[in-house]
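K.L.:
what's the 3D shape of this:
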Amino acid sequence: MEIQVRRQQRLVNLHDQENANVFKGKSNAILPIKRQGLSARGALGDLNTNAQAQRDIAIGKVAVATAEYEKKATLNRATIKSNYSHVRSKIDTGLAAAKPIIQPSSRPPLRREESTAGLAAKAIARTKAVLKETQQNKTNDENILKPRKQSQDSKKPSRLSAVKEDSKPVLKEPTESLGKLKLAETVNKDSQLEKEHPPLPSDVEDIDAGDNNSPLLMSCYIKDIYHYLTELELKYAIEPDHLRKQSVITGKMRATLIDWLVEVQRQFSLVLETFHLTVGIIDRYLQAVPNVQRNQLQLVGVTAMFLASKYEEIYAPEVGDFVYVTDNAYSKADVFQCERDIMAKLGFCLARPIPLSFLRRFVKAAHGTSKNHHLAKYFVDLSLVEYSMAHYRPSELAAAALCLSLYLLSRKTLEEVWTPTMTYYSEYTLEHLDPIIRKIAKIVVNVKNSKYKSVYNRYLDPKLAKVSALPELKEEALQELAKIPSTTYL
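P.N.:
Alright, predicted model coming up:
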């Protein structure tokens, strides 16, 4: 029994010695493949214990490195803080601090204004002292030179007194002088206006007398505005028979184009100003450019309405919409090219007045109703389609259309309708308008037999009081006016 115990003890000692040799790096030591009394798990446990020891060593090294880094960072942070304090002391005080570190105090830091108040006060005081000393020296020099200068010429004023007078100018009666100046300007302006606009005759009503308190009606400038519009319609006038230079385009082709544009305007819900301006652009272009081809006439028409819509509309249709109404006969590039050509030929000016602008003024002078206004617009639109009426000025068309509207709806004679007030504001006498009125009456009578009925159909709208279907347009009064023959260019 004792022999077995000793043998087992010797084997354990041998195993411990071999393990020690292995850990010391002795390569000649051989471990048994399987030890008696130990399992593989026990061997791995020993190895794991060794790895844990190595891991503890590595963690210790990392901890030491971290501590050193924290120490260096703390030192750097302290250095930066001291440097920042040094710079901040320079900013706050305006002086270079002698000490690199400012000792913190319980008092909050001063603002720039508070910290520099004393320095500013000292600087101001120093500047005042220098200026005072300079002024005293200058005064002493002048006092020394003054007697000598007076002795040479006692009549001449001293230079110092002249400087004082110039340095402190005195405005005599500033309020009164400015008031007189303003009053004089107002008097001159009023006298100039009286020369330009003489007082109204006794039989003429002042239709702008009640508009002085309304800035939108511009009663101070309204006469000048319409005088300027009259000058513009003379400047951009359409000649009689302005298509004589065209070898292909005729009056009937023009009427067909404008009648179709009435439908386009109605489809796009454009304002009436757009349609009137479109007709003016077309006539001006056809008058300026000879030999427009037949296949280009529709392109000119849609491009003119495209331009007019951009000029008058708030939300103008896109160019693709105008290409669509032509059934894609033209492309967008064609419209843009034609637009550039039209604007170049018209001198980039679309300022020619339209009949609707004058019609509003004349309806106000006649105290007309909305029905009178719609019927006059109907007559104007019919005249725009007719080629023989294209050469009349917009104001002439508006005056003649309103005169005929008042005549048909009031059961009065033309002489009673066209009062001196209407003659004054329209600047047309009844004798001047009589042939135009008769031409319009003839167009109205023949509209049912005409193939151009777009205007007639549009004014069947209840919003326009259905003026194209009024019974007054079928009475003998209009027939009598239409019997007088008129010269046409068709």
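K.L.:
residue ranges with poor pLDDT in the stretch 151-300 of the chain?
P.N.:
Confidence mapping of the stretch 151-300 of the chain against pLDDT under 70 gives the ranges 151-197.
K.L.:
repeat that for 50
P.N.:
151-175, 177-187, 190-191, 193 (pLDDT under 50).
K.L.:
now the helices: where do they sit in it?
P.N.:
Ranges of helices in the stretch 151-300 of the chain, per DSSP state H, counting those that start in this stretch, are 159-167, 174-196, 222-235, 251-268, 272-288, 294-312.
K.L.:
identify the residues contacting the fourth one?
P.N.:
The list of residues contacting helix 251-268 from outside it, by Cβ atoms under 8 Å, 6 or more residues apart in numbering, reads 243, 274-275, 278-279, 282, 286, 294, 297-298, 301-302, 305, 309, 317, 321-322, 325, 381, 384-388, 390, 452-455, 458, 489-490. All C-beta spots, glycine's among them, are computed from the backbone N, C-alpha and C.
K.L.:
okay, that helix in PDB with CA atoms only?
P.N.:
The C-alpha coordinates for helix 251-268 follow below in PDB (Å, rounded to 0.1, in the frame of the first residue of the first chain):
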ATOM      1  CA  GLY A 251     -59.500  91.200 -96.900                       C
ATOM      2  CA  LYS A 252     -61.600  88.000 -96.800                       C
ATOM      3  CA  MET A 253     -58.600  86.000 -95.600                       C
ATOM      4  CA  ARG A 254     -58.000  88.500 -92.900                       C
ATOM      5  CA  ALA A 255     -61.700  88.400 -91.900                       C
ATOM      6  CA  THR A 256     -61.600  84.600 -91.700                       C
ATOM      7  CA  LEU A 257     -58.500  84.700 -89.500                       C
ATOM      8  CA  ILE A 258     -60.000  87.200 -87.100                       C
ATOM      9  CA  ASP A 259     -63.300  85.400 -86.900                       C
ATOM     10  CA  TRP A 260     -61.400  82.200 -86.000                       C
ATOM     11  CA  LEU A 261     -59.400  84.100 -83.300                       C
ATOM     12  CA  VAL A 262     -62.700  85.200 -81.700                       C
ATOM     13  CA  GLU A 263     -63.400  81.500 -81.100                       C
ATOM     14  CA  VAL A 264     -59.800  81.000 -79.800                       C
ATOM     15  CA  GLN A 265     -60.300  83.900 -77.400                       C
ATOM     16  CA  ARG A 266     -63.600  82.500 -76.200                       C
ATOM     17  CA  GLN A 267     -62.100  79.000 -75.800                       C
ATOM     18  CA  PHE A 268     -59.200  80.300 -73.700                       C
END
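K.L.:
give me the buried positions along it.
P.N.:
For helix 251-268, the neighbour count (16 or more other Cβ atoms under 10 Å) marks 251, 253-262, 264-265, 268 as buried.
K.L.:
quick one: the strands in this protein, in order.
P.N.:
Secondary structure of the chain by DSSP state E: no strands are present.
K.L.:
tell me the domain boundaries of it?
P.N.:
Using automatic domain parsing, the domain parsing of the chain gives 54-99, 232-345, 355-482.
K.L.:
of the contacts of helix 251-268, just the buried ones, ChimeraX syntax please.
P.N.:
Entered in ChimeraX, the line below selects the buried ones among the contacts of helix 251-268, by 16+ other Cβ under 10 Å:
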select :243,274,275,278,279,282,286,297,298,301,302,305,309,317,322,325,381,384,385,386,387,388,390,452,454,455,458,489
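K.L.:
coming back round to it: out of the domains of the chain, deepest packed?
P.N.:
Most buried of the domains of the chain by mean neighbour count (mean count of other Cβ atoms under 10 Å) is domain 355-482; its value is a mean of 19.
K.L.:
sorry, back to before: including distance to Lys223, could the domains of the chain go into CSV?
P.N.:
Below are those laid out as CSV (distance: least, Cβ to Cβ, whole Å):
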stretch, distance to Lys223
domain 54-99, 68
domain 232-345, 15
domain 355-482, 9
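K.L.:
nearest to Cys220, out of these?
P.N.:
Distance to Cys220, taken as Cβ to Cβ, is lowest for domain 355-482 among those, at 15.6 Å.
K.L.:
good, we can wrap up now.
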